[in-house]
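In: A predicted structure for the sequence below; I have some questions about it.
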Amino acid sequence: MAHASSLPPLPIEKSDIKQIEVTAEEDVGVDKSAYRVRESEVSPAQKRMEAKIIRKVDWRLIPILGVLYSISGIDRVNLSNARVAGMNEDLHFNIGDRYSIALLVFFVTYFLFELPTTLVLRPIGPRLLLPSLAVSWGLVMLGMGFAKDWRVIVVCRMLIGIFEAGFLPCCMYLLSCWYQRYEVQTRMAYWYLINLFVSAFGNILAYALIKLDGTYGIEGWRWIFIIEGAFTVGFALISYPMILGFPDQVLATGKSSTFTQQELEVVLDRVERDRGDAKPDKVTLPKVLHHMRNWHLWVYGFMFMGCSAPIYVFAYFIQTIIKTMYTDTAIVFLLCAPPYLFSIIWTVGCAWLSDKHKMRMPYMVANAGLTFTGILITAYSANTGARYFGIFLGVSGCNANLPCIIAFQSNNLRGNCRRSVGTGIQLLFASIGGIYASTTFMQREAPAYRSGVWAACGTQFLLIILIIVMTMDFRRKNRRADEQGVIIQEDRVFRHTF
C-alpha cells in the first residue's frame, strides 16, 4: 500500500500562489492534499480491515500508558493522604504554609521541564524515555518514606516534578500519532479512565497502607510512600518492552513483533488521509520558535489550565472537604472513591458523543458549567448530602474536560513539530493550574477556602470565554479557506474543527 506522503510533489501554478496566505501559524511548504485519498473513497471492506488494526492498536497502546499515568497520578497526590495519616504532625507541616509550599514546588519544576521533555520524546523514543521517567520518580517517592524533615519532602517534590513533567504531554503526543482526529478523544478518555479508576481506589489503598502503622517501627504514612514508590519502580521496569514507539519509527526499524509492515502502513495511511502529516517533519529550533509565536497554542494552554486547576483542587483537598462532613477517617477515605468512579462513566460518555458528533465545543462548555455548579454546591450548601453531590458534579465536569480539551487542540494542529510544540505548551499549563490551585486554597482559610472556591470558579468562566473566541476564529478561517482558497497549515483539505 503506497503512502500518500511519498507521492511526487504537487506543482504550484502562479495562479495558485495568489491564493496562498502565509500567516504567523503556518510554514511555507508544498501542498500535497490533492493526491490524498478522501475518507468517502475508502471501501467498506477496507474500513473493516482498518477497524481491526485500530482495535489492535488500542489494546497494545492504551492500557500500558494508562496504567503508567495512573501510577504517576497516585504518586503526585499521595501527599494529601500522608498528611491526613499523620505526616502533618510528625514533620510539622501544620506550621504556617509548609503544606502549600510542598504542593507548589512540584509545579514549579513541572512547569520548567514539561516542554523540553516533550521535544526530546521523538529523538530518545517512547520506549526508553517513558519507563526511565517512571523509575526516577518512583525512586524519589520511595525515598520520601524515610524523610525526617519537612524540607526533605519539599526537595523530593521538586525532583518528582522534574521527572513527571513530560509524561502527560508525551503520552498525548504519542496517542495522537496513531489515530485520526475524530478517534482521539475516545482513546484519550479510555486512557484517562484508567487513571480515574485507580484514583478512585488510591485513597482506599492509602487507608490500607496506613494500617501498617508500627510495622517494623515505621509509621503508616511512611508506608504510603515506600510501597507506592516501590510498585512504581517495579511496574516501570516491566513496562519497557510493552511500550510502542511512533508508528513511522516502528515501521522504519522493522523491529515490531506486534504489527506487520502492512498494518503499520495502514495506520500511517489513515493518518495521512485524515490530516496529511503521517510523515514527520524535523523538529528544529527555528521552527519551534516560529510555532511558539502562534497565539492559538497559548490559548490551548489557558484552556487546559481551566480544567486542570479544579482537577488539582479535588485531588489535593477532597479528603479535607469530606472531613468537614464526616469525622471518621475510614469513612473519609471510602467516600473519596464514588465521585471518581462516576466520573469514569461521564468522561467516556462525553468522549464517545463528542467523537460521534465530531464536535468539541458544546461538551467543553457543558463540562465547565458542571464544574462551576459542583464547586459552588460543595462550598455553600448546608446539607451534607448536597455537598457530597456537588463533589460528584465537580469531579466529573473537570475530568471529562481534560481529554476533550486535549483532543480539541490535537484536532486543530498539523505537522509533527507544530503538534509537539503545541502539546508541550498546552500541558505546560497543567502545572500553572496546579500552582493556581495550591496557592489560592490557603491554609488559613480552611476548611471553607472561600478565595480558592471563587478562584476555581473563575477558571471556568475563562474557559468558556476562550472556547467562544477560538470557535469564532476557526469559523472565520474555514470560511476564508472555502471561499478564497486560503490554505490552512500547508494543506488545502485541512479545516479547523470545533
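Out: Here it is on my side, so go on.
In: doesn't Phe231 make contact with Ile71?
Out: Yes. Counting by CB atoms under 8 Å, Ile71 touches Phe231, with 7.3 Å between them. All C-beta atoms are positioned from the backbone trio N, CA, C, and that covers glycine.
In: Need the residues touching each of these two.
Out: Gly138 (CB atoms under 8 Å, 6 or more residues apart in numbering).
In: Can you pick out the residue with more neighbours from these two?
Out: In this view Ile71 and Phe231 are compared by other CB atoms under 10 Å, and Ile71 has more residues nearby, 25 against 17.
In: Mind listing what's buried along stretch 417-436?
Out: Across stretch 417-436, burial judged by 16 or more other CB atoms under 10 Å covers 417-436.
In: So which of these are in helices?
Out: 417-436 (DSSP state H).
In: Kindly indicate whether Asp213 is helix, strand or coil.
Out: Classification of Asp213 using DSSP: H, G, I helix; E, B strand; the rest coil returns coil.
In: The closest residue to it other than its chain neighbours and Asp149, how far apart?
Out: Excluding the flanking residues, the one nearest Asp213 by CB to CB, 6 or more residues apart in numbering is Gly220, at 3.2 Å. For Gly220, the distance to Asp149 equals 19 Å [CB to CB, to the nearest Å].
In: Between these two, which has more neighbouring residues?
Out: Between Gly220 and Asp149, counted using other CB under 10 Å, the more crowded position is Gly220 (20 against 10).
In: which ones are touching that one?
Out: 85-86, 209-214.
In: Next, count neighbours for the closest residue in space to Asp149 that isn't next to it in sequence.
Out: Excluding its sequence neighbours, the residue lying closest to Asp149 (CB to CB, 6+ apart) is Leu91, at 6.8 Å. Leu91: 22 surrounding residues under other CB under 10 Å.
In: ok, now Leu159?
Out: Residues near Leu159, counting by other CB under 10 Å, number 19.
In: Give me the average confidence score over the helix or strand hosting it.
Out: For Leu159, the host element (DSSP states H and E) is helix 150-164. Average pLDDT, helix 150-164: 93.
In: again with stretch 56-67
Out: Across stretch 56-67, the average pLDDT comes to 90.
In: Give me the buried positions along it.
Out: Result for stretch 56-67 [16+ other CB under 10 Å]: buried residues 57-58, 60-62, 64-67.
In: Filter the residues you listed down to just the ones in helices.
Out: 57-58, 60-62, 64-67.
In: Now render the residues you listed as JSON lines, adding distance to Ile406.
Out: Converted to JSON lines, those look like this (distance: CB to CB, whole Å):
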{"residue": "Val57", "distance to Ile406": "18"}
{"residue": "Asp58", "distance to Ile406": "17"}
{"residue": "Arg60", "distance to Ile406": "21"}
{"residue": "Leu61", "distance to Ile406": "16"}
{"residue": "Ile62", "distance to Ile406": "14"}
{"residue": "Ile64", "distance to Ile406": "19"}
{"residue": "Leu65", "distance to Ile406": "13"}
{"residue": "Gly66", "distance to Ile406": "14"}
{"residue": "Val67", "distance to Ile406": "19"}
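In: Grab the nearest non-local neighbour of Leu251.
Out: Leaving out its chain neighbours, the residue that sits closest to Leu251 by CB to CB, 6+ apart is Leu264, at 4.2 Å.
In: before we move on, back to that, looking at the contacts of Gly220, which one is closest to Ile377?
Out: Ala85 (28.2 Å; CB to CB).
In: just to revisit the earlier point, can I get the CA coordinates of the helix holding Leu159 in PDB?
Out: This file holds the C-alpha atoms of helix 150-164, laid out as PDB (Å, rounded to 0.1, in the frame of the first residue of the first chain):
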ATOM      1  CA  TRP A 150       9.700  18.600  56.100                       C
ATOM      2  CA  ARG A 151      12.300  20.300  53.900                       C
ATOM      3  CA  VAL A 152      13.400  16.800  52.500                       C
ATOM      4  CA  ILE A 153       9.800  16.300  51.400                       C
ATOM      5  CA  VAL A 154       9.900  19.700  49.600                       C
ATOM      6  CA  VAL A 155      13.100  18.800  47.800                       C
ATOM      7  CA  CYS A 156      11.700  15.400  46.800                       C
ATOM      8  CA  ARG A 157       8.600  17.000  45.400                       C
ATOM      9  CA  MET A 158      10.700  19.200  43.300                       C
ATOM     10  CA  LEU A 159      12.500  16.200  41.900                       C
ATOM     11  CA  ILE A 160       9.200  14.400  41.200                       C
ATOM     12  CA  GLY A 161       8.100  17.500  39.300                       C
ATOM     13  CA  ILE A 162      11.100  17.200  37.000                       C
ATOM     14  CA  PHE A 163      10.600  13.500  36.200                       C
ATOM     15  CA  GLU A 164       6.800  13.700  35.900                       C
END
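In: packing partners for the helix or strand containing Leu289?
Out: For Leu289, the host element (DSSP H and E) is helix 285-292. Using 3 or more CB pairs under 8 Å, 6 or more residues apart in numbering; DSSP states H and E, the elements in contact with helix 285-292 are helix 416-440.
In: I'd like the distance from the helix it packs on to the chain centre, please.
Out: 9 Å (CA atoms, centre = their mean, to the nearest Å).
In: so what secondary structure elements neighbour it?
Out: Judged by 3+ CB pairs under 8 Å, 6+ apart, helix 416-440 is in contact with helix 98-119, helix 121-124, helix 167-176, helix 285-292, helix 295-323, helix 384-411, helix 450-484.
In: Could you export those helices as TSV, including mean pLDDT, mean neighbour count and distance to Ala330?
Out: Formatted as TSV, the helices and strands packed on helix 416-440 follow (pLDDT from 0 to 100; neighbours: other CB atoms under 10 Å; distance: least, CB to CB, whole Å):
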stretch	mean pLDDT	mean neighbour count	distance to Ala330
helix 98-119	86	21	22
helix 121-124	90	17	42
helix 167-176	86	25	32
helix 285-292	88	14	49
helix 295-323	89	23	12
helix 384-411	92	24	16
helix 450-484	93	17	27
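In: Which stretch among the ones you listed approaches Ser136 most closely?
Out: Taking CB to CB, helix 167-176 is the member of the helices and strands packed on helix 416-440 nearest to Ser136, at 10.5 Å.
In: outside of that closest one, which residues touch it?
Out: Outside helix 167-176, the residues that touch it by CB under 8 Å, 6+ apart are 61-62, 65, 68-69, 72, 114-115, 117-118, 121, 126, 129-130, 133-134, 184, 187-188, 191, 244, 246, 406, 410, 419-420, 423-424, 426-428, 430.
In: re the thing from before, tell me the confidence at the residue nearest to Leu251?
Out: Looking at Leu264, its pLDDT is 91.
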